[in-house]
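K.L.:
below is the structure, and that's it, no one-letter string:
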């Protein structure tokens, strides 16, 4: 089995690919596509095949997919880019990758999404069959593009697509958690965010990749206990957030019941506090 991974040198990919390589059996190979070969040197040393080039280059994409049995699409564009770039990478490139994978004979495709794609809260934890309802404090081109990519990929006839919707990823030096304060500084102290440690994001994606019978299924991947903005600011040691009511207390809070029941997922770090106490932030 040959698995192609995109976004291998990004924050989620750097947690996922080493674990995929560590679990690989003798007949399993891992290939990554990267724009900067030097950033993949450590992965090459561990046995990954490296294809250098842009995911949006047809020739490079064909080379990367040659002989592949599965694709794990982690590539994403989120911070510091225009809305057009977010749509180009998170939607257009994902859909083109799916179509090219299907044409190349790839059997399985794992798409990495976000729980922000649900949009506004529903007065309860979000479940995988909930439709997207645009809106909410973090609705932007990123979750919109991710949601559109999911719908397009799942509609491809003949390709086994499974989607993992991640909570807010943090841990192992990932800068996302300190960066969240750009939003939380103006949010109520009681506002909750649903996080997932990078080790558990990797665990969830690995389960999606290897699970039989998960084709066409979407799974939320998050930890066991959402934390408040006040909790996050205390862990980071920054100024307390604003006070006041939360207008949508269920925004971005997702149920992990499906992935626990169907795929046996159990977080290594159930809460932000357990990761902090383990020195895994």
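P.N.:
Received it, and whenever you're ready, just let me know what you need. Everything quoted here is computed from the prediction, not taken from an experiment.
K.L.:
tally of neighbours for residue 82?
P.N.:
10 (other CB atoms under 10 Å). Just so you know, the C-beta spots here come from the backbone N, C-alpha and C atoms, and that holds for glycine as well.
K.L.:
that one and residue 193: what is the separation?
P.N.:
From residue 82 across to residue 193, the span is 25 Å (CB to CB, to the nearest Å).
K.L.:
just residue 201 next, same as before
P.N.:
Distance, residue 201 to residue 193, by CB to CB: 15 Å.
K.L.:
same drill for these two, tell me which one is more crowded.
P.N.:
For residue 201 versus residue 193, neighbours defined as other CB under 10 Å are more numerous around residue 201 (29 against 24).
K.L.:
so how far is residue 62 from that one?
P.N.:
On the measure of CB to CB, residue 201 and residue 62 end up 29 Å apart.
K.L.:
go on, residue 20?
P.N.:
Residue 20 is 22 Å from residue 62, by CB to CB.
K.L.:
between those two, which one's more packed in?
P.N.:
Shown here are residue 20 and residue 62; by other CB under 10 Å, residue 20 has more neighbours (24 against 12).
K.L.:
double-check that that one belongs to a helix.
P.N.:
Yes: the assignment for residue 20 is a helix, going by DSSP: H, G, I helix; E, B strand; the rest coil.
K.L.:
for the one helix or strand residue 169 maps to, the averaged confidence score.
P.N.:
According to DSSP states H and E, residue 169 maps onto strand 168-170. In this model, strand 168-170 has an average pLDDT of 96.
K.L.:
give me the contacts around it.
P.N.:
With CB atoms under 8 Å, 6 or more residues apart in numbering as the contact definition, strand 168-170 has outside contacts at 11-12, 176-177, 180, 193-198, 201, 252, 272, 275, 281.
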